[in-house]
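Chemist: Quick one, structure for this:
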Amino acid sequence: MMRGAMTVGMWTMASRILGFVRDILIAAVMGTGPVADAFFVALRLPNLFRRLFGEGAFNAAFVPSISTILHQEGLEAATGFAEEATAVMIFWLGTLTVLGEIFMPWLLYVLAPGFAGNHGKFALAVVLTRIMFPYLFFVCLTALFSGVLNAMGRFAAAAAAPVLFNVFSIVFMLALTPYMANPGYALAWGVTVSGVAQMLLLIIAMRRAGMRLTVPKPKLTPRMRTLFRRMAPGLVGAGVTQLNVSIDIIIGTLLPAGSVSILYYADRVNQLPLGVIGTAAGTALLPAITRHIALGEEDSAMASLNRAFESVLMLTLPAAIGLAVAARPVMDVLFVRGHFTAHNAVLAGYSLAAFAIGLPVFALVKILTPGFFGRGDTMTPLKIGVLAVVLNLAMNLLFMHPLKAVGPALATSLSSACNALLLALILRRRGHFTFDALAKRRIPRLLLAGAAMAAALYGAERLLPPGKTTTIPEFLLLTLVGGVAYFGCGFLIRAFDFAELSALLRRRRRKAVAG
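Modeler: Alright, predicted model coming up:
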């Protein structure tokens, strides 16, 4: 499980780094102006489907099903199941894409109601969304193929596919912008073409793994009905974080101009540790828990969940503290250039801090939901997800006027905390998750190390010259101070075991040499 998580994490890190390069270029070229607002709203619709299907509902239903078939019935049966799923997905995704293209203006009235009063911005958002909407067709098929590979224990290609999204976006923005009316058009075409490239990469990877799919006539077989019954509630239960972010965007269009862009840049920074740690751990944990449950190894399933909980908290806690305490320096170093001003960095920094305080619980939701999905329970996360969405919407409406662009970010963090807490409590009540002795010893110490980091980082930031943009050396100094405080304190109070990590790395090296 850890090797799979590290593979996913490394490729996700590469994707996030390229994503930052892309966002830095977008910020420099478009800043927080009307074209940027229109593009980010247009990107939200296909991106929502990517997050839901690539990291949420589809994998939550599909991976346990194909994993069970693969281990109990063999590769041939698993191939047949994957072919049935591919045929049905092609049919309904194609239908959805066509309907989306036709009814796009009405969809945008829902997604961006605040743009309705600005004809130019609204019309641009409609055109850009129509260009990018076919991306969901390709990326959802990519999610299916990723699930196949993950069930076979092959994580690299599926984790590498999102890198192509950033590569094509950067190349198209740089190459086509001079020939387009504005950079938004170039970026939109890059998004769609990247979807085709990702799908082709996964098809090649499946063939190399020994699974060659043909596409039969789509039929709702009993297995497909079961799959989609499990998948439907998971669209809310597993994707509640993305639904909450979509609510943030809707509210953002009702706020002062530039709020959508500010929320986007802040969320992108926050997504780096979330994607590298939370999504990677959740992706690797689901097939592991499913396998343990299928073999009747409940103790092993609980131990896997405990170690994932510790690991995610150990890694997200310093990220959350660093992004919350030093939000303004982070935005200064990453984005202040070109059309992105120091004032934009101040506003985006406030939103980043509000997102960051919820970072650990965002990631914990990713590893708690497999505890339900691995047992075929998608209804409980659905019910909790609905509650979290309603709570997020209520807090957005409460915060939007007094807090402006900070309000949606804070509402998302608080509603996600509610989501994680309820998931943990229900798993505990059912006897599927309790902290073991090791977790009870380490978790309080991790929190203490985090408190030490926060104090050290706050003190160091107060020593920087006030009222000026943070330089790269100053930012690196803050990073060093925070890292030394967290890991130094953690080492002294034995919050984490470096010997255990070294042993894991030695095992990986031995396997690599043996292979």
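
Chemist: pLDDT weak spots in the chain?
Modeler: 1-9, 12, 49-57, 233-245, 275-287, 290, 294, 497-515 (pLDDT under 70).

Chemist: what's the domain layout of it?
Modeler: Per the record, the chain has its domains at 2-434, 441-515, by automatic domain parsing.

Chemist: chain center to the last one: distance?
Modeler: Going back to what we said before, that points to domain 441-515. 23 Å (C-alpha atoms, centre = their mean, to the nearest Å).

Chemist: go on, stretch 291-300?
Modeler: For stretch 291-300, the distance to the chain centre is 27 Å (C-alpha atoms, centre = their mean).

Chemist: mind exporting that stretch as CSV, just the C-alpha atoms?
Modeler: Output in CSV follows, covering the C-alpha atoms of stretch 291-300 (Å, rounded to 0.1, in the frame of the first residue of the first chain):
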residue,chain,number,x,y,z
ARG,A,291,-8.6,-6.8,-0.4
HIS,A,292,-8.3,-7.2,3.4
ILE,A,293,-12.1,-7.3,3.8
ALA,A,294,-12.5,-9.8,0.9
LEU,A,295,-10.1,-12.1,2.7
GLY,A,296,-11.8,-11.6,6.1
GLU,A,297,-8.8,-9.7,7.5
GLU,A,298,-10.6,-7.0,9.5
ASP,A,299,-7.6,-6.4,11.9
SER,A,300,-5.4,-5.7,8.9
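
Chemist: buried ones in that stretch?
Modeler: 291-293 (16 or more other C-beta atoms under 10 Å). In this view, the C-beta of every residue, glycine as well, is placed from N, C-alpha and C.

Chemist: Any buried residues in the helix or strand harbouring V163, and which?
Modeler: Per DSSP states H and E: V163 is located in helix 156-176. By 16+ other C-beta under 10 Å, the buried positions in helix 156-176 come out as 157-170, 172-173, 176.

Chemist: list the contacts for the closest residue to G374 other than its chain neighbours?
Modeler: In space, and not counting its chain neighbours, G374 is closest to I289: 3.8 Å by C-beta to C-beta, 6 or more residues apart in numbering. I289 makes contacts with 301, 304-305, 370-371, 374, as judged by C-beta atoms under 8 Å, 6 or more residues apart in numbering.

Chemist: cool, V127 as well?
Modeler: V127 neighbours (C-beta under 8 Å, 6+ apart): Y185.

Chemist: Which helix or strand contains it?
Modeler: V127 belongs to helix 119-132, assigned by DSSP H and E.

Chemist: That helix: what's the following helix or strand?
Modeler: Scanning onward from helix 119-132 (DSSP H and E), the first element met is helix 135-151.

Chemist: What helices and strands are in contact with that next one?
Modeler: Under the contact criterion of 3 or more C-beta pairs under 8 Å, 6 or more residues apart in numbering; DSSP states H and E, helix 135-151 touches helix 34-55, helix 57-73, helix 75-102, helix 156-176, helix 183-208, helix 280-294.

Chemist: just so I know, which of those lies nearest S259?
Modeler: helix 34-55 (8.0 Å; C-beta to C-beta).

Chemist: which strands and helices sit next to the helix holding V163?
Modeler: Using 3+ C-beta pairs under 8 Å, 6+ apart: helix 156-176 touches helix 2-30, helix 135-151, helix 183-208.

Chemist: What about the nearest residue to F81 once chain neighbours are set aside, how many residues nearby?
Modeler: Leaving aside its sequence neighbours, F81 sits nearest to I69 (C-beta to C-beta, 6+ apart; 5.3 Å). Applying other C-beta atoms under 10 Å, we find 20 other residues in the vicinity of I69.

Chemist: shouldn't I69 be in contact with A78?
Modeler: Yes. At 4.8 Å, I69 counts as touching A78 under the criterion of C-beta atoms under 8 Å.

Chemist: about what we covered before: need the buried residues of stretch 291-300 in TSV with distance to G490, can you?
Modeler: Converted to TSV, these look like this (distance: C-beta to C-beta, whole Å):
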residue	distance to G490
R291	31
H292	29
I293	33
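
Chemist: which of these lies closest to W11?
Modeler: Of these, the one sitting nearest to W11 (C-beta to C-beta) turns out to be R291, at 22.2 Å.

Chemist: Could you double-check that the closest one sits in contact with S67?
Modeler: Yes. If you go by C-beta under 8 Å, R291 and S67 touch, sitting 6.6 Å apart.

Chemist: Let me know the secondary structure of the residue nearest to G258 when sequence neighbours are not counted.
Modeler: In space, and not counting its chain neighbours, G258 is closest to T32: 3.8 Å by C-beta to C-beta, 6+ apart. Following DSSP: H, G, I helix; E, B strand; the rest coil, the label given to T32 is coil.

Chemist: now T32: how far from L272?
Modeler: Distance, T32 to L272, using C-beta to C-beta, to the nearest Å: 20 Å.

Chemist: Which one's more surrounded, the two?
Modeler: A count of neighbours by other C-beta under 10 Å puts T32 above the other of T32 and L272, at 25 against 19.

Chemist: Who are the contact partners of the more buried one?
Modeler: 258, 261-262, 265, 339-340, 344.

Chemist: circling back: give me whichever of the helices and strands packed on helix 156-176 is most buried.
Modeler: helix 135-151 (a mean of 25; mean count of other C-beta atoms under 10 Å).

Chemist: what is the orientation angle of that one with helix 75-102?
Modeler: Using axes from the mean of the first three to the mean of the last three C-alpha atoms, to 10 degrees, the inter-axis angle of helix 135-151 relative to helix 75-102 is 160 degrees.

Chemist: Please state the offset of helix 135-151 from the chain centre?
Modeler: The answer for helix 135-151 is 15 Å, by C-alpha atoms, centre = their mean.

Chemist: Alpha carbons of it, as CSV, please.
Modeler: This file holds the C-alpha atoms of helix 135-151, laid out as CSV (Å, rounded to 0.1, in the frame of the first residue of the first chain):
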residue,chain,number,x,y,z
TYR,A,135,-12.8,17.1,-21.9
LEU,A,136,-15.1,15.4,-19.4
PHE,A,137,-15.8,12.6,-22.0
PHE,A,138,-12.2,11.7,-22.3
VAL,A,139,-11.2,12.3,-18.7
CYS,A,140,-14.1,10.1,-17.4
LEU,A,141,-13.0,7.2,-19.6
THR,A,142,-9.4,7.9,-18.4
ALA,A,143,-10.8,7.5,-14.8
LEU,A,144,-12.3,4.1,-15.8
PHE,A,145,-9.0,2.9,-17.2
SER,A,146,-7.2,4.3,-14.1
GLY,A,147,-9.4,2.2,-11.9
VAL,A,148,-8.6,-0.9,-14.0
LEU,A,149,-4.8,-0.3,-13.6
ASN,A,150,-5.1,0.5,-9.9
ALA,A,151,-7.0,-2.7,-9.3
